[in-house]
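# Everything below, folded, please.
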Amino acid sequence: MADHAQPEAAESVWAEMLEPARAVFPLSAYLTLFTAFALWQAGLPQVVVFKAEMLLGVPAVVVGLALFKRGLRLGLMPLGEQLGSKLPSRMSSAGVSAICFVLAIGLTFAEPAIGALQEAAVLLDARYHLLLAEMFSDQRCLFML
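Okay, here's the model as predicted:
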């Protein structure tokens, strides 16, 4: 029985990495083409959009997303399932609604805001990151908000 466990585990890992790969690789291709188009449209100097670092970065994203998904499934989802199954039996509908409201507010504050991205963009050298510098300039950033 131990002989079959290892191939099944390897197949499980590959199957788990297939879903993020199906999302990340086409998205990477789209973003590469979109960036080239946006640079051309904005009249900015054409630079090589696809860099050698991306050859390692994109597969690393796939592996990271697969591990993140596995961690969610093994760690947080059972916690959420327990909370979701036991909380309604121990509290009234108003109490459950109040807890959901507080959780929703917490999740809203946990999301990164465009202001944080704008602050991070200030750290970039505009000579090398022309498109980002243009996108996060004050005039464009107000439009995105």
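
# Distance of Pro88 relative to Phe37?
Going from Pro88 to Phe37 by C-beta to C-beta, to the nearest Å gives 50 Å. Bear in mind the C-beta positions are built from the backbone N, C-alpha and C, glycine included.

# Counting neighbours, what do you get for Ser12?
11 (other C-beta atoms under 10 Å).

# Which residues are in contact with it?
Shown in contact with Ser12 (C-beta atoms under 8 Å, 6 or more residues apart in numbering): no residues.

# How is it assigned, secondary-structure-wise?
helix (DSSP: H, G, I helix; E, B strand; the rest coil).

# quick one: it and Leu65, what's the gap?
Distance from Ser12 to Leu65, by C-beta to C-beta: 16 Å.

# One more: Ser92?
39 Å.

# Repeat that for Leu87.
From Leu87 over to Leu65 the distance is 29 Å, taken as C-beta to C-beta.

# Neighbour count for those two, which is higher?
With neighbours defined as other C-beta under 10 Å, Leu87 and Leu65 compare such that Leu65 has more, 17 against 13.

# Spatially nearest residue to that one (excluding sequence neighbours)?
Excluding the flanking residues, the one nearest Leu65 by C-beta to C-beta, 6 or more residues apart in numbering is Pro20, at 3.8 Å.

# got the contact list for the one you found?
Applying C-beta under 8 Å, 6+ apart to Pro20 gives the contacts 61-62, 65-66, 69.

# how about low-confidence regions in this protein?
Scanning the chain for pLDDT under 70 picks out 1-10, 46-50, 109-122, 124, 126, 128-145.

# so where do the helices sit in it?
2-42, 52-71, 77-90, 93-110, 114-122, 130-135, 138-144 (DSSP state H).

# Pick the most buried one from these.
Of all the helices of the chain, helix 130-135 has the most neighbours on average by mean count of other C-beta atoms under 10 Å, namely a mean of 16.

# Distance-wise, check the closest residue to Val13 other than its chain neighbours relative to Val102.
Taking C-beta to C-beta, 6+ apart, and ignoring the residues beside it in sequence, Val13 has Ala66 as its nearest neighbour in space, at 7.6 Å. Going from Ala66 to Val102 by C-beta to C-beta gives 31 Å.

# same thing with Phe37?
Relative to Val102, and taking C-beta to C-beta, Phe37 is found at 43 Å.

# Fine, thanks again, bye for now.
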